[in-house]
Structures are given as structure tokens and as C-alpha cells.
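>>> got a predicted structure plus its sequence, pasted below:
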Amino acid sequence: MYPIELAKTEADRNALRTLFREIAQEQGWQSGDWLECEQAGANYLGLKVDSQWVGGLQLVVPDLVGRLPYSAVWPDVQLEHPTASGHVTVLGLLPEYRGTPAFFWSLCIELWRMCSKAGIEAVILEATPPMLARYRKLGWPLDEIGSLRMHWGEPCVLAQMEFDRVAISMVKRAMRSPSYRTLVTQAVRSSRDIPCLVRPSLA
């Protein structure tokens with residue numbers, strides 16, 4: 001696995017937002033204001049190779065009433081436990097690092113560990129139908145909770161993934177696959193050094 005860092009300084013957060021804009025431009029995503037400003041409750045997990053950010057994700061955690069960015073596109077979707085959910089608004093790697101599963105899984109594992117420590121029980125994310133199918137093939141138990149709509153210039157559905165179900169899926173796969181056994185081992189290692197996610201105040 002590769003080291004994942006929670007961006008703690010404004011310089012690091014700006015560097016990751018710049019990286020996300022670069023990835024968005026390369027992918028043809030129309031990200032609009034989503035990457036241009038600091039969102040309340042935004043946390044940035046980044047992957048470094050030789051001291052350079054090469055990928056990462058933005059996770060927005062809810063305020064005390066459970067507000068999350070997805071409601072700008074899917075205002076009709078109401079979560080059962082909004083204050084215990086997080087929204088992965090961006091996840092991306094530079095092209096040269098996308099073919100190595102360890103980079104992607106390193107991000108996923110640290111996301112799960114940080115959310116577990118913070119009491120986040122599920123994550124919300126947007127995905128095109130082909131990407132949703134790809135995630136499910138990896139063993140992610142994603143449920144569609146929002147209908148197909150335009151987001152970042154692409155038709156996307158809104159999906160939810162509960163971490164309890166992720167754990168069950170991963171353990172089942174680990175019983176058949178050495179690579180998944182390694183992932184599970186990484187996920188359940190000591191949690192003493194997991195940094196705290198930033199939660200927004202009620203405004």
C-alpha cells in the first residue's frame with residue numbers, strides 16, 4: 001500500500017484542488033464551482049509519490065443537520081441517516097497512476113479508516129452507469145439512490161455505500177483472494193495514527 005495523507009495546511013489543500021482541476025480538464029469534466037472554492041466540511045486525502053501529489057479525493061462531511069453537496073443536483077434525495085454520511089465529491093489519479101490498483105485501494109482503505117474513526121457510516125458518490133458497474137465489480141455494495149442526471153457534464157446516478165456492507169463484501173472476497181486478504185489486513189491495522197476529519201459548524 002502507498003501512504004495517504006490528510007491535507008492539513010491551506011497550501012496542501014490548494015495543491016490538491018489544483019491537481020483535481022487538472023484531472024477534471026483531462027477527463028473533460030465540467031466541474032464548475034465544485035473545485036473552485038473551499039466547501040464547508042471538505043477534507044482532502046492525497047496520495048504522494050516522491051513528495052508530489054499524484055491523486056486523492058475530496059470528502060465532505062455533514063454539518064449538524066446533515067447538509068451535503070449532492071443536494072444541489074438531487075434535492076429530492078433524503079438520506080435515512082444524513083449526519084452519519086459523507087459525500088465523496090471528487091476521486092482521481094493522474095493518468096500514469098491509474099493502472100496500478102494499489103494506488104486506488106490505498107485511497108479507499110484510508111477513506112474507510114478515517115470515516116470509521118469519525119463516525120461516518122456511509123458515503124455518497126456520483127457515478128456514470130459504466131463506472132458504477134466497475135465499482136460493483138470491485139465488490140463495492142453500491143445502491144442507487146438518485147436517478148440519472150447531468151453532473152460535471154456527464155449523465156450520473158447518485159449512489160450510497162454503507163461501510164458495514166463493504167466490510168462483509170471484502171471479508172468474503174478475502175476468503176478466496178490473497179490480494180483481498182492483503183487489503184483487509186491493511187484496513188484493520190492499528191488506528192492510533194488516523195488523523196481526525198474536520199466537521200463544519202452549523203451556520
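Received it, and whenever you're ready, just let me know what you need. Numbering: from 1, shown residues only.
>>> SS state for the most centrally placed residue in the chain?
Nearest residue to the geometric centre of the chain (CA atoms, centre = their mean): residue 88, 3.8 Å. Using DSSP: H, G, I helix; E, B strand; the rest coil, the structure places residue 88 in strand.
>>> where does pLDDT dip in this structure?
Across the chain, the ranges flagged by pLDDT under 70 are 1-2, 32-40, 180, 184, 190-192, 201-203.
>>> now the helices for it?
10-27, 101-118, 129-137, 163-174, 178-187 (DSSP state H).
>>> can you lay out those helices as TSV showing mean neighbour count and distance to residue 64?
In this view, the C-beta of every residue, glycine as well, is placed from N, C-alpha and C. Shown next, in TSV, are those (neighbours: other CB atoms under 10 Å; distance: least, CB to CB, whole Å):
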stretch	mean neighbour count	distance to residue 64
helix 10-27	16	23
helix 101-118	19	14
helix 129-137	13	30
helix 163-174	16	21
helix 178-187	15	29
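>>> quick one, which of these gets closest to residue 72.
helix 10-27 (16.7 Å; CB to CB).
>>> list the contacts of that closest one.
Outside of helix 10-27, the residues within contact range by CB atoms under 8 Å, 6 or more residues apart in numbering are 5, 7, 29, 31, 35, 38, 42, 44, 46, 53-56, 58, 90, 92-95, 152.
>>> recalculate using a threshold of 7 Å.
Residues outside helix 10-27 that contact it (CB atoms under 7 Å, 6 or more residues apart in numbering): 7, 31, 35, 44, 46, 53, 56, 58, 90, 92, 94-95.
>>> ok, stretch 109-122 next?
1, 4, 6, 45, 57, 59, 61, 81, 84-86, 123, 160-163, 166, 183, 186-187, 191, 194-197.
>>> any of those residues buried? List them.
Among those, those buried by neighbour count (16 or more other CB atoms under 10 Å) are 1, 4, 6, 45, 57, 59, 61, 84-86, 123, 160-163, 166, 183, 186-187, 195, 197.
>>> phi first, then psi, for residue 98.
phi -80, psi -20 (degrees, to the nearest 10).
>>> that one: neighbour count?
13 (other CB atoms under 10 Å).
>>> for it, which non-adjacent residue is closest in space?
Leaving aside its sequence neighbours, residue 98 sits nearest to residue 104 (CB to CB, 6 or more residues apart in numbering; 7.6 Å).
>>> again with residue 162
Closest to residue 162 by CB to CB, 6+ apart is residue 122, at 4.5 Å.
>>> that neighbour pairs with what?
residue 85, residue 162 (DSSP bridges).
>>> ok, it to residue 75 distance?
19 Å (CB to CB, to the nearest Å).
>>> for these two, indicate the residue with more neighbours.
residue 122 (20 against 9).
>>> how close does that one sit to residue 193?
Counting by CB to CB, the gap from residue 122 to residue 193 is 24 Å.
>>> got it, and residue 14?
25 Å.
>>> cool, residue 25 as well?
Here the criterion is CB to CB. By it, residue 25 lies 34 Å from residue 193.
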